[in-house]
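In: got a structure for you, letters missing:
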Ligand code: SF4
Ligand code: SF4
């Protein structure tokens, strides 16, 4: 597969994918249906417990990889199997080709295997003159089209039935009807003879159980069984990460995998293979059975304290199913061989930096993948870490180095923001920049950009600081740069809501940007530096709560700081104390201030809600904002997909404006379809995106931060 040489070329490819109307519709349909069927499949189950069990089992297996391999090998070889270990992709290809040669193989059938895709096995075998036929329907289709999979579980999801009918007509030299059932029958008719003629079957495996020496495969089409039983030689290509210690661990994986992959309680076939079974065409009536374990970097990954969690992956594909970016552009543009969130990571380890460097920048950090991962992998964090590693290896781009320098110096950063306020004067009116400078105007035109406020919140604070006598709580307000310099009215609204309710608010002036933008740009050293500055400014020992109105800041202060500083003995304890005090505005208003309907005036109008990614997934705050709307006398009108990203993502919307615009358009269409007068959210970044989009559309819908709604309604 070709790889874009730089971000410019990659973005051109993304635009091409965005123009593919069928792909967009198919992905949308699938994403919506998947959420429903996954929820149904896990109904009544302890999903968190299951995920924790899988993570524990896989982590344990990764740490004992060589021990489990020896145990597996001893058991499998006692049952007549020959076990091989390939250190690299090339070695695996050569071992399999040698097995084919020594057994006089000419024709090979294959069942679906991402590991085989990883090592480009078909290309290698075909290059040596073997006829290789994929037998999974989706894999066969993409093999005929000479392209790679666009999803780990559904490799041909990007194709319409019309395209498949045309393809099958060409292959069979006969006009085929555009009817899915009939097309499946065509595939079955074409493929059946291939199994009978084949000398060798190649499969993957979902699990390799050390205590029994057996392989487990879960499939839906039955082709896996035909591939592994009919031909006289069977080769299973298995990543070392598929080893599990016990059958019990394997069954845990099998419980989660189909439910998480496609929302099925169980796949149509669960096949267990142990030893050389009887096989009529084989010499001596016994099948020749080889298992090739693939390392290709897995052993090194197992030793990496941060990245070893990658080996927990069970290849369910759920991290792609929920990814808003994958949903827009499809797998050919959101991965190399492996796709989706895990694909961005594995591409770096299995296929190299060059293939990964553009991909890892295309993550909006929405956290959806982490939320559904069958093995609890912190995918967004790992993606950011790889981005940072690549920048460390290749050199940091000028804009991110500059931003890192500026953010580390709070005074300089704030001086620049104040200067920008003066510079924008001829361009700004009504809170927006009306005439964007040429470098921005075309690409950023999908939303109006806000102007810097006439007075920053920090300049208003000395005048509006409420006097509180006998306060029961001491609360530090962390504003984040957007609320400080662009939307100070949101922080003022929060002050008005909190004032007189027994909490003494403080606004420590030494606070700076939370540092998330530099972390997103791969500037980890600057992100750590800024985190330390903020922890020093908002000393957790002095406050009961550290309150923030910005969902992204809140999530970063609470979770990000501990990840950045957790390994630094001089900061780890303070980072944890700090994190424990951080609270988002909605949770504070509902659970700490305990605001009740009698605190509010009636007649708050109608509102729908956008759930910021970092609030609903980052902090797990789901109900508090919706409860508050009802408590504040606002008629809440739920929108479709309230918790799907609005497309802001900080620097993401500047790097990938075409994707940001699409996500925003969908979000606004869903909000407007409710007929509500106001769109409420809990994050100034989301306010910026949503308000700018509605302004560009000329929509009468207003966007308000939750604090503004509460301040407007409070008695
Ligand atoms: S964080 Fe969001 S955008 Fe990034 S890979 Fe995960 S789902 Fe996709
Ligand atoms: S990373 Fe998690 S969600 Fe993605 S394929 Fe692997 S197990 Fe599934």
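Out: Perfect, I can see it now. Because the structure is a prediction, the values reported are computed rather than measured. Ligands and ions are numbered 1, 2, ... in the order given.
In: could you point out where the chain is predicted with low confidence?
Out: Scanning the chain for pLDDT under 70 picks out 1-2, 434-441.
In: please parse it into its domains.
Out: Following automatic domain parsing, one finds the domains of the chain at 64-298, 432-592, 597-713.
In: who's in contact with the nearest residue to residue 523 once chain neighbours are set aside?
Out: The shortest distance from residue 523 to any residue other than its chain neighbours is 3.9 Å, reached at residue 404 (CB to CB, 6 or more residues apart in numbering). Backbone N, C-alpha and C define where each C-beta goes, glycine included. The neighbours of residue 404, taking CB atoms under 8 Å, 6 or more residues apart in numbering as the test, are 396, 518, 521, 523, 525, 526.
In: correct me if wrong: the fourth one contacts residue 401.
Out: Yes: contact status for residue 523 versus residue 401: in contact at 7.5 Å, counting by CB atoms under 8 Å.
In: so which strand or helix has the residue nearest to residue 523?
Out: For residue 404, the host element (DSSP states H and E) is helix 398-408.
In: residue 523 and residue 401: who's more crowded?
Out: Neighbours were tallied for residue 523 and for residue 401 using other CB atoms under 10 Å; the higher tally belongs to residue 523 (25 against 16).
In: look up phi and psi at that one.
Out: Main-chain torsions, residue 523, degrees, to the nearest 10: phi -100, psi 80.
In: which stretches of the stretch 301-450 of the chain form strands?
Out: 428-429, 432-433, 449-450 (DSSP state E, counting those that start in this stretch).
In: winner for burial among those strands?
Out: Of all the strands of the stretch 301-450 of the chain, strand 449-450 has the most neighbours on average by mean count of other CB atoms under 10 Å, namely a mean of 20.
In: helix or strand right after it?
Out: Using DSSP H and E, the helix or strand that follows strand 449-450 towards the C-terminus is helix 457-464.
In: elements contacting that next one?
Out: Applying 3 or more CB pairs under 8 Å, 6 or more residues apart in numbering; DSSP states H and E, we find helix 457-464 packed against helix 480-485, helix 488-498.
In: ligand 1: which of those is closest?
Out: Taking CB to the nearest ligand atom as the criterion, helix 480-485 is the member of the helices and strands packed on helix 457-464 that comes nearest to ligand 1, at 20.1 Å.
In: now do the contacts for the closest residue to ligand 2 within the stretch 401-550 of the chain.
Out: Distances between the stretch 401-550 of the chain and ligand 2 by CB to the nearest ligand atom are smallest at residue 520, namely 20.3 Å. Neighbour list for residue 520: 365, 384, 649, 650, 651, 652 [criterion: CB under 8 Å, 6+ apart].
In: same check on residue 266?
Out: So residue 266 contacts 254, 258 (CB under 8 Å, 6+ apart).
In: for this protein, what lies in contact range of ligand 2?
Out: 313-319, 340-342, 372-375, 377, 379 (CB under 6 Å from any ligand atom).
In: just the ones of those residues in helices?
Out: Mapping those onto helices (DSSP state H) picks out 318, 319, 340, 341, 342, 372, 379.
In: show me which pair in those residues is furthest apart.
Out: The widest separation within those, taken as CB to CB, falls between 342 and 372 and amounts to 11.6 Å.
In: mind listing the shared neighbours of those two?
Out: residue 319.
In: who has more neighbours, those two?
Out: residue 342 (28 against 22).
In: dump the residue contacts of the more buried one.
Out: Neighbours of residue 342 in contact, by CB under 8 Å, 6+ apart: 310, 313, 315, 319, 369, 377, 379.
In: please redo it, this time with the cut-off set to 10 Å
Out: 152, 310, 312-320, 335, 369, 373, 375, 377, 379, 382-383 (CB atoms under 10 Å, 6 or more residues apart in numbering).
In: by residue count, what's the longest helix in this structure?
Out: In the chain, assigned by DSSP H, the helix with the most residues is helix 21-41.
In: now the helix or strand following that helix and helix 21-41, what's the angle there?
Out: Remark: after helix 21-41, the chain's next helix or strand is helix 47-63, criterion DSSP H and E. Relative orientation of helix 47-63 and helix 21-41, computed by axes from the mean of the first three to the mean of the last three CA atoms, to 10 degrees: 100 degrees.
In: tell me the buried residues in helix 47-63?
Out: 47, 50, 51, 53, 54, 55, 57, 58, 59, 61, 62 (16 or more other CB atoms under 10 Å).
In: distance between it and the chain's centre?
Out: Centre-to-centre, helix 47-63 and its host chain are 19 Å apart (CA atoms, centre = their mean, to the nearest Å).
In: output the contacting helices and strands for that helix.
Out: The contact analysis (3 or more CB pairs under 10 Å, 6 or more residues apart in numbering; DSSP states H and E) places helix 47-63 against helix 21-41, helix 65-78, strand 243-244, helix 247-262, helix 298-303.
In: for ligand 2, what is the nearest residue in the stretch 1-150 of the chain?
Out: Relative to ligand 2, the nearest point of the stretch 1-150 of the chain is residue 54 (8.1 Å; CB to the nearest ligand atom).
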